[in-house]
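>>> model the following, please.
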Amino acid sequence: MTDLNGKKVAFLATNGFEDSELTSPWKAVTDAGATAVLLSPSAGSVVGKNGHEQDVDAAVGGAVAADYDALVLPGGVVNADHLRMDPDAVEFARAFFAQHKPVAAICHAAWTLIEAGVVDGRTLTSYPSLKTDLRNAGATWVDEEVVVDEGLVSSRTPDDLPAFNAKVIEEIAEGAHAGQTV
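Numbers count the residues shown, from 1 in each chain. Model prediction:
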């Protein structure tokens, strides 16, 4: 297994996240030795669409991307819709691209990346209903289990989590990617 000791990974979610799309990558990165931190627009805790509750470590409004080695965005329609309307969440995601750091988005999480203006010219996958949104934002959408484009990891659904998690760990271990930019 790839060693992520000393790495700090931000997870960004709010209520309505797809439970397994938070818990599975979280377990994968922590099992690999990284420290995982849950950020959200509000303090307290967040609850997934299937009832998983997790404490929020910090509000995204006070978070700085420079303090983290990577960002993971779980999906869930409600989660992604709320995050893309939160200016702090959008700016936090954009900052990872400006710093060339790995970002991973699964399912509907690509909505936050569209709002951040970072998908133009990139190749991604997502839940199929986002295909047109991504294409309209300038991305090339493909229907594949997992796609990696210069440090940007994307997958479609919870069925893709094993491949998604493996690539997330690989990209975090590789570190900065010059092509990962705004």
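>>> for the spatially most central residue of the chain, give me the pLDDT.
In the chain, the centroid-proximal residue (Cα atoms, centre = their mean) is residue 73; its distance is 2.3 Å. Predicted confidence (pLDDT) for residue 73: 98.
>>> adjust the sequence numbering to begin at 26 for everything that follows.
Fine by me, first position is 26 from now on; the one you just mentioned is residue 98.
>>> contacting residues around it?
By Cβ atoms under 8 Å, 6 or more residues apart in numbering, the contact list for residue 98 reads 36-38, 105, 108, 118, 128-131, 134, 137-138. (Glycine included, C-beta is placed from N, CA and C.)
>>> mind listing the strands for the protein?
In the chain, the strands defined using DSSP state E lie at 33-37, 60-65, 70-72, 78-80, 83-84, 95-98, 128-131, 148-149, 165-166, 171-174, 177-180.
>>> ok, and the closest non-adjacent residue to residue 83?
Excluding its sequence neighbours, the residue lying closest to residue 83 (Cβ to Cβ, 6 or more residues apart in numbering) is residue 64, at 5.6 Å.
>>> pretty sure that neighbour contacts residue 82?
Yes. With contact defined as Cβ atoms under 8 Å, residue 64 reaches residue 82; the gap is 6.7 Å.
>>> compare neighbour counts for these two and give me the winner.
Neighbour count, other Cβ atoms under 10 Å: between residue 64 and residue 82, residue 64 has more, with 23 against 15.
>>> distance check, residue 193 against residue 157.
Separation of residue 193 from residue 157 (Cβ to Cβ, to the nearest Å): 26 Å.
>>> let me see the contact set for residue 67.
Counting by Cβ under 8 Å, 6+ apart, residue 67 makes contact with 39, 81, 84.
>>> the residues you listed, buried ones only, as a ChimeraX selection?
Under the burial definition 16 or more other Cβ atoms under 10 Å, those of the contacts of residue 67 that qualify are selected in ChimeraX by:
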select :39,81
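>>> just curious, which of the contacts of residue 67 is nearest to residue 150?
Closest to residue 150 out of the contacts of residue 67 is residue 39 (22.7 Å), distances taken as Cβ to Cβ.
>>> OK, contacts around the closest one?
Applying Cβ under 8 Å, 6+ apart to residue 39 gives the contacts 65, 66, 67, 71, 104, 107, 108, 111, 114.
>>> repeat that for residue 91.
120, 124.
>>> check the gap between it and residue 81 for me.
Separation of residue 91 from residue 81 (Cβ to Cβ): 20 Å.
>>> that older thread, among the contacts of residue 39, name the buried ones.
65, 66, 71, 104, 107, 108, 111, 114.
>>> about what we covered before: in TSV, list the contacts of residue 98 along with pLDDT.
TSV is the format used below for the contacts of residue 98 (pLDDT from 0 to 100):
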residue	pLDDT
36	98
37	98
38	98
105	97
108	98
118	98
128	98
129	98
130	98
131	98
134	98
137	98
138	98
